[in-house]
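Colleague: what's the 3D shape of this:
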Amino acid sequence: MTRFDGTKATPKFLQAIAYEVYVKNVTFGLLHQWLTDMGMTVSKNTLRNWLKKGKKYLDELVCVLKSIALEKDSIVNCDETWCKVRKYDHYKKCYI
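Modeller: Coordinates of the predicted model:
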C-alpha cells in the first residue's frame, strides 16, 4: 500500500502524525502549524479524517491478529513492560 484510499497520506506519514497526536500529545493546532511551516497545505479536519481512515485499517488488523492468536491449540505468551505515562503535570511509571 502506497497511499490510503481517498487521501494523499502514506502509511509512514500517517504513522508519524498518529505518533505525534496520541503518544506525544501534540494538539491538532500545533501539528497543523508545524506542517504549514514546513510548506504543507492541509487543514486540521483533513488530518483528523486521515487518522480516522488509518483507524479503520488498524481495527481490521487487530481482528485478524486476534483470530490468529486465539486459534484452537494456540499458545499465547505475554510479558509486561513499563513505560512512562503522563498524568496531569508529571510522568508516572506504569506497566503494560
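
Colleague: Just to be sure, Tyr19 is in a strand?
Modeller: No. Per DSSP: H, G, I helix; E, B strand; the rest coil, Tyr19 lies outside any strand segment and is helix.

Colleague: How many residues are close by it?
Modeller: Around Tyr19 there are 11 other residues, counting by other CB atoms under 10 Å. Where you see a C-beta, it was placed from the backbone N, CA and C, and this is true even at glycine.

Colleague: Ok, Thr7 next?
Modeller: If you count neighbours by other CB under 10 Å, Thr7 ends up with 14.

Colleague: And for Lys53?
Modeller: For Lys53, using other CB under 10 Å, the count is 16.

Colleague: And the pLDDT at the residue most central in space within the chain?
Modeller: What sits nearest the mean C-alpha location of the chain, by CA atoms, centre = their mean, is Ala18, with 3.8 Å. pLDDT, Ala18: 85.

Colleague: Now for it: which residues touch it?
Modeller: With contact taken as CB atoms under 8 Å, 6 or more residues apart in numbering, Ala18 is in contact with Leu51, Gly54.

Colleague: how far away is it from Lys53?
Modeller: 11 Å (CB to CB, to the nearest Å).

Colleague: now do Ala16
Modeller: Ala16 sits 15 Å away from Lys53, taking CB to CB as the criterion.

Colleague: which helix is the longest one in this structure?
Modeller: Identified as the longest helix of the chain according to DSSP state H is helix 44-69.

Colleague: Show me which residues of that one are buried.
Modeller: Using 16 or more other CB atoms under 10 Å as the burial criterion, the residues of helix 44-69 that qualify are Leu47, Trp50, Leu51, Lys53, Gly54.

Colleague: just checking, next helix/strand downstream of that helix?
Modeller: The first helix or strand that comes after helix 44-69 along the chain, using DSSP states H and E, is strand 82-87.

Colleague: Cool, thanks, talk later.
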